[in-house]
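>>> this one's sequence-less:
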């Protein structure tokens, strides 16, 4: 199967040489599931001409807000609606989660409660898991037809699903400890409260359940959720 990765942003320049870009992180997360990948730099206005160019689609995170005025937002939302209407496999993470929700009738905003970074607990499909988060924006109103599959006290709509074909998650299963450490010591300084940075760094060694999400994402992308 060929999965199209819709790149709505890129990893910080300072982290990319060692840890890779967002697409690299997803390809490593989903390694072993039999996927081939094709990348589209959506942020630079490189979008597929037809939804059948790939068998399934994955939308990455981004530094941008889904509600902001960027040239790629409207065509990406149109593409999302076409993929969703065709019931093709579609997965979104962080910004991807938010833009899919927005495109399908939900609402995203900069959350008044602030940031969530580092290892966080979630209720996920009947079990408790931990995943790395990095966001201030949230889905605050879920779209019609979406069911909540992940949440915690800070983020009520941390995971959404429509049928078996569209699956979105707010935290980052693709972010490992080293990536969180890199963000906390570069991008977070002067932006995220220091106590949250300290907490994220103090919990780097604790395990996360990225494998649970990798398996779930793979099942959706294979059309076997």
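On my side now, so go ahead. Fair warning: this is a prediction, and the values are worked out from it, not measured in the lab. Residues are numbered from 1 along each chain as shown.

>>> Residue 133 reaches residue 111, doesn't it?
No. Here residue 133 does not reach residue 111: they are 11.8 Å apart, not a contact under CB atoms under 8 Å. (Glycine included, C-beta is placed from N, CA and C.)

>>> okay, those two: which has more neighbours?
residue 133 (23 against 16; other CB atoms under 10 Å).

>>> how about the more buried one, what does it touch?
Taking CB atoms under 8 Å, 6 or more residues apart in numbering, we find residue 133 in contact with 116, 117, 118, 119, 120, 155, 170, 171, 172.

>>> Can you tell me the closest non-neighbouring residue to the first one?
Meaning residue 116. residue 133 (4.4 Å; CB to CB, 6 or more residues apart in numbering).

>>> any idea which element that neighbour lies in?
Taking DSSP states H and E as the criterion, residue 133 maps to strand 127-135.

>>> Which stretches in this structure count as helices?
Taking DSSP state H as the test, the helices found in the chain are 16-19, 22-29, 73-85, 95-103, 177-185, 194-202, 210-221.

>>> Comparing the ones you listed, which comes out most buried?
Highest mean neighbour count of those: helix 95-103, a mean of 27 (counted as mean count of other CB atoms under 10 Å).

>>> got the angle between it and helix 22-29?
Relative orientation of helix 95-103 and helix 22-29, computed by axes from the mean of the first three to the mean of the last three CA atoms, to 10 degrees: 110 degrees.

>>> Make residue 1 into 44 and carry on from there
In the new numbering, first residue 44, that becomes helix 138-146.
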